[in-house]
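[1] everything below, folded, please.
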Amino acid sequence: QVHLAESGGGLVQTGGSLRLSCTVSVSSFSLHDIGWYRQASGKQRELVASISREDVANYAEAVKGRFTISRDNAKNTVYLQMDSLKPEDTAVYYCNLGIYSRGQFYEGSNWGPGTRVTVSS
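    Here you go, the predicted model:
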């Protein structure tokens with residue numbers, strides 16, 4: 001059984017930074033592709049960033065240059081460093097064990113409870 005636990009969310013002012021963490025209880029963590037998603041109130045969940053087992057990162061256009069995804073396989077943890085935050089980044093952020101296929105990340109069925117990020121203007 002796979003468990004994901006996100007942490008690190010909070011309230012921050014515009015231009016501030018947060019680092020989210022996602023710890024995953026799964027065997028062979030290093031063999032998994034992982035994504036960070038977010039869901040703002042009243043909107044669909046969207047993929048923000050993903051990182052492959054080969055440590056290749058991809059980002060949504062809205063966060064390129066501001067967010068950085070990374071992983072520590074020794075700790076079964078993936079991080080999302082968020083800088084220059086904007087009010088439109090306000091959302092609940094989730095991590096997900098998915099899979100890359102032909103250069104695109106596809107979500108898996110395992111989700112954590114999420115961590116809320118609020119950016120005040």
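[2] am I right that E88 sits in a helix?
    Yes - looking at E88 with DSSP: H, G, I helix; E, B strand; the rest coil, it is inside a helix.
[3] what's around it, how many residues?
    11 (other Cβ atoms under 10 Å). To be clear about C-beta, it is placed using only N, CA and C from the backbone, and glycine gets the same treatment.
[4] again, but for the one 3 residues further on
    Other residues near A91 come to 22 when the count uses other Cβ under 10 Å.
[5] right, and it touches Q44 too?
    No - in this structure A91 lies outside contact range of Q44 using Cβ atoms under 8 Å: 11.0 Å.
[6] just checking, what packs against the longest strand seen in the chain?
    Determined from DSSP state E, the single longest strand within the chain is strand 91-101. With contacts defined as 3 or more Cβ pairs under 8 Å, 6 or more residues apart in numbering; DSSP states H and E, the packing partners of strand 91-101 are strand 3-7, strand 18-25, strand 33-39, strand 46-51, strand 104-106, strand 115-120.
[7] any chance of those strands in TSV with mean pLDDT and mean neighbour count as columns?
    As requested, these are arranged in TSV below (pLDDT from 0 to 100; neighbours: other Cβ atoms under 10 Å):
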stretch	mean pLDDT	mean neighbour count
strand 3-7	97	16
strand 18-25	97	19
strand 33-39	97	22
strand 46-51	98	22
strand 104-106	94	15
strand 115-120	98	17
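[8] distance to K86 for those strands - can I get that in JSON lines?
    JSON lines is the format used below for these (distance: least, Cβ to Cβ, whole Å):
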{"stretch": "strand 3-7", "distance to K86": "20"}
{"stretch": "strand 18-25", "distance to K86": "12"}
{"stretch": "strand 33-39", "distance to K86": "12"}
{"stretch": "strand 46-51", "distance to K86": "13"}
{"stretch": "strand 104-106", "distance to K86": "23"}
{"stretch": "strand 115-120", "distance to K86": "6"}
